[in-house]
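Trainee: Only the shape, not the letters, is given here:
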């Protein structure tokens, strides 16, 4: 007797960004499964899937947003529940990977917490990880399971092509973003510039933008970064570009963390428009009029479909999804 295996895709979401998960499910043409997440009186999280997932390909969507520790622990519990429910393969979909900036030891006696998060996901039982625009590509090497690195670049480039007229310059707000900014400039056929910054000794959220490398006078400048946290780097760069004669400055970043005092900084900065994505939910009190939100749900849905069908993820991005 020969049995033909029947493959099932099951999509579940944690509670950190359910709107994005719903949109992903809509693009995939599936329904979100019921994880039945709840908390006991002491704050402990409980998960029980509403139906059998035995033998299924399970995808658990959870972005690591504030409180980061809560959202991360919730995803770990869901992964453990799926493993113990005999899921065939478990993929953690982390649109924003928590602790991604702690990817190395910058000084003595520090942790490498991005590696710790990788170890936690692996120990919970994950078979694959999917994330969008990592702060550092080396995080992929922290895993011994396959890691699919996605990028929001296609939706951002499409937006710029549709909305920017005239002489465009793509600007890296610091040296670490030059490689990514160069990809944008090549895709758009635009010039590339770089802002040289300095962080005063002993500070973590203060930045001094010192010099601009490249011609920006009389041009429309778009700053490209992976995240906006306290907005110190990107606002300092924007103010410097304005002082150098830029006609208009936009800021574009995948992850809008928007920790205090980001909103006040963005409002009072030279930035005319802030373009970001929905990898992280933006609370109403963090919303500003100059903000535009692009959806990465189609990109994540296409990646999930490729993983499920065992086809190439990099082909979705034409090989431009390297960190």
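Mentor: Nice, I can see it. Note that the coordinates shown come from a computational prediction; the quantities given were computed from them, not determined experimentally.

Trainee: Downstream of the helix or strand of the chain with the lowest mean pLDDT, the next helix or strand is which one?
Mentor: Sorting the helices and strands of the chain by mean pLDDT, DSSP states H and E puts strand 208-213 at the bottom, at a mean of 79. Per DSSP states H and E, the first helix or strand lying C-terminal to strand 208-213 is strand 220-228.

Trainee: List the strands paired with that following strand, with their directions.
Mentor: According to DSSP bridges, strand 220-228 forms sheet pairs with strand 168-172 (parallel), strand 248-256 (parallel).

Trainee: All the strands of this structure, residue numbers only.
Mentor: Assignment of strands within the chain using DSSP state E yields the ranges 9-13, 38-39, 45-46, 57-61, 89-94, 128-132, 147-150, 168-172, 191-198, 208-213, 220-228, 248-256, 271-277, 291-294.

Trainee: how big is the angle separating the fifth one from strand 57-61?
Mentor: Interaxial angle, strand 89-94 versus strand 57-61 (axes from the mean of the first three to the mean of the last three CA atoms, to 10 degrees): 20 degrees.

Trainee: residues in contact with the lengthiest helix in the chain?
Mentor: As assigned by DSSP state H, the longest helix anywhere in the chain is helix 68-84. Helix 68-84 is contacted from outside by 12, 14-16, 35, 37, 45-49, 53, 58, 60, 62-65, 90, 92, 94, 98-99, 117, 120-121, 124-126, using CB atoms under 8 Å, 6 or more residues apart in numbering. For glycine as for every other residue, the C-beta is placed from the backbone atoms N, C-alpha and C.

Trainee: can you do 7 Å?
Mentor: By CB atoms under 7 Å, 6 or more residues apart in numbering, the residues outside helix 68-84 that reach it are 12, 14-16, 35, 37, 45, 47-49, 53, 58, 60, 62-65, 90, 92, 98, 117, 120, 124-126.

Trainee: Repeat that for stretch 235-250.
Mentor: 171, 173, 195, 197, 207-209, 212, 216-223, 251, 265-266, 269-273, 275.

Trainee: same thing with stretch 112-127?
Mentor: Taking CB under 7 Å, 6+ apart as the rule, stretch 112-127 contacts 72, 76, 79-80, 83, 89-92, 98-100, 102-105, 129, 139, 142-145.

Trainee: gap between the closest residue to residue 307 other than its chain neighbours and residue 34?
Mentor: Nearest non-adjacent residue to residue 307, counting by CB to CB, 6 or more residues apart in numbering: residue 91, 6.1 Å away. Using CB to CB, to the nearest Å, we find residue 91 at a distance of 18 Å from residue 34.

Trainee: Check residue 223 too.
Mentor: Distance, residue 223 to residue 34, by CB to CB: 41 Å.

Trainee: Of the two, which one has the most company?
Mentor: residue 223 (28 against 11; other CB atoms under 10 Å).

Trainee: Look up the residues forming beta bridges with the more buried one.
Mentor: Residue 223 has these beta-bridge partners by DSSP bridges: residue 171, residue 251.

Trainee: wait, it sits on residue 251?
Mentor: Yes - in terms of CB atoms under 7 Å, residue 223 counts as a neighbour of residue 251; the distance is 4.8 Å.

Trainee: can you list residues touching both of those two?
Mentor: Listed as contacting both residue 223 and residue 251 by CB under 7 Å, 6+ apart are 234, 238.

Trainee: what's near enough to touch residue 254?
Mentor: By CB under 7 Å, 6+ apart, the contact set of residue 254 is 132, 133, 152, 226, 227, 276, 277, 279.
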